[in-house]
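>>> My questions concern the predicted model and sequence given below.
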Amino acid sequence: MGKDVFEVTINCIKLIVVFLMMVQAVPILVWLERRGSAFIQNRFGPNRVGPLGLVQLLADAVKFLFKEEFFPENGTKFLYYAAPVVALVPATLAYCAIPLGHPLQYGEYLFRLQGFDVNVGIVYVLGVSGLAAYAILLAGFGSGNKYSLLGALRASAQIISYELALGLSIVGIILLYGTFNLNEMVAMQQGPLSFSFRGHEILVSWLPNWGIFYQPLGFVLFFASIFAESNRLPFDLAEGEAELVAGFHVEYGGFKMLLFFIGEYGHMMVGSGLLATFYMGGYGIPYITNQALWQTFMDWTQDGQLAHILVSAATFAMFSFKLALCLWFFVQVRWTLPRFRYDQLMDLGWKTMLPWALFNVIATALFIFVAHG
Amino acid sequence: MPQLIPATINSGLPLAGVLFLATFVLLFGSFLLFLASKLGTRKYDPVKYQSYECGIPAQEKKDTKISVKFYLTAILFIVFDIEIIFMYPWARTFKEFIDSGNGLYILASMGFFLFVFIFGLFWEVKSKALEWD
């Protein structure tokens, strides 16, 4: 087997593995959500299928597969069937660009724990996750149902409105790191908090060097925006039961519904992964640099190759932990905050978050200008 | 830690991976839908295939009237989103400009751009383009 064929094969397998990792995280997330909400509401939640009810969604998926295929007579066939499949794509493409761990050096090969390393990372992720509105609109138009259409319009108007605040809070991040590449951003957040202010080196040893301490306002705006982007409570106006029954997926059932769910949870994972990468050090372990981590493992095992593998494993575990923490926060917020009214939602996006995001950009630029000058 | 050697695996076209993955995901989803359509039972009932409404048969088909507000929101989004995209290269090169001594120039030019942006936002709020009733 030639070297090129080998590399292409490895890359393709890696992409599929990252995609399947995202898909198989969905049952765990659904379990976490149902179980967590049950404990918050003083119920048991799913606890029959498997240990602690962990296999519940697997059983559900098999059930979905045997459900009746259904097509509403008013709908447009192609759009109706295309929508759930298209819903999978943006979340997957965006998730594959997020670095999941420290690159692994094996012999002459450098194996990145990341679907693909796009050097314009942020722009790429924003571009593909913007496609999410298409799946929703296709579902709304394809179903031939008023509830679906209204739900789809609301959802897409909401997504595009909050994309402004999202995009502007990312401008603050780019100003801070001076790069589009997600790997370089993670590399810049290693070690304890240290920066130079007008030539003086300032070191705060009790804080990690994370973006959240440079961009607290940007963090809040970004966090609120990803809730709106993934259509989660308190921003789930798209499926407000009291008004629209279920929003754009009224006419969907069985496996098509499950594909929409995978897309939605995938969006939550992309949002949480970006949050961790921008503001919480990505895969980096707080306070210590990857260099020091490698040295520790090297002293312990006396084997450079093994130490490399251990560094990658440890950083991957760290990233998964941060991701899980963010995702748990999604569940927590869902059962804590009530839903907005639609005009309040739009006012919050356009008249509150957009001006504050602008203020954040101006303040960051001025601070960097003063600190560097 | 020895310096990592530049990418051997993962070199080449990153966008080829994007195309491959998009195709794979589309095939994956279509295959699952196909499987579900083959495995599912099928019982015909005319009422079941009507669109979901409040109970009485639907009068209109699908020419539902849509509030023009959504259209306006989409137009305003495009205007502002393009303005935000213009800030990305500026933000990327900001530190390099400061280091080369042109910091004030790039700050002032973006200041003028932001003035137009903020004026536009202010004008929209003033002309009640963002009011939902």
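Nice, I can see it.

>>> hey, let's count contacts and neighbours off CA atoms from now on
Noted.

>>> Tell me the secondary structure at A:Ala363.
helix (DSSP: H, G, I helix; E, B strand; the rest coil).

>>> just the strands in chain B please.
Read by DSSP state E, chain B holds no strands at all.

>>> what's the answer for the stretch 51-200 of chain A, then?
A:104-106, A:109-111, A:192-197, A:200-208 (DSSP state E, counting those that start in this stretch).

>>> Contacts for the longest one next, please.
Put plainly, it is strand A:200-208. A:189-196, A:286-287 (Cα atoms under 8 Å, 6 or more residues apart in numbering or on different chains).

>>> what do you get for stretch A:97-110?
By Cα under 8 Å, 6+ apart, the list of residues contacting stretch A:97-110 reads A:111-118, A:121, A:125, A:182-183, A:270, A:273-274, A:277, A:282-284, A:305, A:308-309, A:311-313, A:315-316, A:319-320, B:4-9.

>>> Filter the residues you listed down to the buried ones, PyMOL style.
Per 16 or more other Cα atoms under 10 Å in any protein chain shown, the buried members of those correspond to this PyMOL selection:
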select buried, (chain A and resi 111+112+113+114+115+116+117+118+121+125+182+183+270+273+274+277+282+283+284+308+309+311+312+313+315+316+319+320) or (chain B and resi 7+9)
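
>>> okay, and the helix or strand of chain B with the least pLDDT?
Ranked by mean pLDDT, DSSP states H and E, the helix or strand of chain B with the weakest confidence is helix B:14-39, at a mean of 86.

>>> Now the residue nearest to the spatial centre of chain A: closest residue in space that isn't a chain neighbour?
Among the residues of chain A, the one closest to the centroid is A:Val270, at 1.7 Å (Cα atoms, centre = their mean). Nearest-residue entry for A:Val270: A:Tyr95, 5.3 Å, with adjacent residues in sequence omitted and distances by Cα to Cα, 6 or more residues apart in numbering or on different chains.

>>> Help me confirm that that neighbour comes into contact with A:Tyr265.
No - using Cα atoms under 8 Å, A:Tyr95 is not in contact with A:Tyr265, being 11.3 Å away.

>>> on that earlier part again, what is the strand or helix carrying the residue nearest to the centre of chain A packed up against?
Under the criterion of DSSP states H and E, A:Val270 resides in helix A:254-279. Contact analysis of helix A:254-279 by 3 or more Cα pairs under 8 Å, 6 or more residues apart in numbering or on different chains; DSSP states H and E lists helix A:3-40, helix A:56-65, helix A:77-95, helix A:182-188, helix A:211-214, helix A:216-229, helix A:304-334, helix B:14-39 as its packing neighbours.

>>> so which of the ones you listed comes closest to A:Ala155?
helix A:216-229 (8.9 Å; Cα to Cα).

>>> how close does the residue lying closest to A:Gly167 once chain neighbours are set aside sit to B:Ala91?
Using Cα to Cα, 6+ apart and skipping the chain neighbours, the partner closest in space to A:Gly167 is B:Ile84 (6.8 Å). Note on B:Ile84: its distance to B:Ala91, by Cα to Cα, to the nearest Å, is 11 Å.

>>> Which one of these two is surrounded by more residues?
A count of neighbours by other Cα atoms under 10 Å in any protein chain shown puts B:Ala91 above the other of B:Ile84 and B:Ala91, at 25 against 19.

>>> ok, for the more buried one, nearest residue in space, not its chain neighbours?
Going by Cα to Cα, 6+ apart, B:Ala91 has A:Leu175 as its nearest residue, at 4.7 Å.

>>> Count residues in the vicinity of that neighbour, would you?
The burial count for A:Leu175: 23, using other Cα under 10 Å.

>>> what do you get for the one 3 residues further on?
Around A:Gly178 sit 20 other residues, with neighbours defined as other Cα under 10 Å.

>>> Find the residue closest to it in space, skipping its chain neighbours.
B:Arg92 (4.8 Å).

>>> And that neighbour, what's its pLDDT?
pLDDT for B:Arg92: 89.

>>> can you tell me which residues contact it?
Taking Cα under 8 Å, 6+ apart, one finds A:174-175, A:178-180 in contact with B:Arg92.

>>> okay, those residues in CSV with pLDDT next?
Converted to CSV, these look like this (pLDDT from 0 to 100):
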residue, pLDDT
A:Ile174, 91
A:Leu175, 90
A:Gly178, 86
A:Thr179, 87
A:Phe180, 88
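
>>> In helices only, show me the residues you listed.
A:174-175 (DSSP state H).

>>> hmm, which two among the contacts of B:Arg92 are most spread apart?
Longest span within these, Cα to Cα: A:Leu175 and A:Phe180, 9.9 Å.

>>> need the strands of the stretch 51-200 of chain A in JSON lines with distance to B:Phe112 and mean pLDDT, can you?
As requested, the strands of the stretch 51-200 of chain A are arranged in JSON lines below (distance: least, Cα to Cα, whole Å; pLDDT from 0 to 100):
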{"stretch": "strand A:104-106", "distance to B:Phe112": "46", "mean pLDDT": "80"}
{"stretch": "strand A:109-111", "distance to B:Phe112": "45", "mean pLDDT": "78"}
{"stretch": "strand A:192-197", "distance to B:Phe112": "26", "mean pLDDT": "81"}
{"stretch": "strand A:200-208", "distance to B:Phe112": "31", "mean pLDDT": "82"}
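
>>> Turn the ones you listed into JSON lines, columns for distance to B:Tyr52.
Converted to JSON lines, those look like this (distance: least, Cα to Cα, whole Å):
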{"stretch": "strand A:104-106", "distance to B:Tyr52": "53"}
{"stretch": "strand A:109-111", "distance to B:Tyr52": "50"}
{"stretch": "strand A:192-197", "distance to B:Tyr52": "56"}
{"stretch": "strand A:200-208", "distance to B:Tyr52": "53"}
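
>>> Quick one, which of these gets closest to A:Met298.
A:Met298 sits nearest to strand A:104-106 of all the strands of the stretch 51-200 of chain A, at 14.2 Å, using Cα to Cα.

>>> Going by neighbour count, which residues of the closest one are buried?
Quick answer for strand A:104-106 (16+ other Cα under 10 Å): A:104-105.
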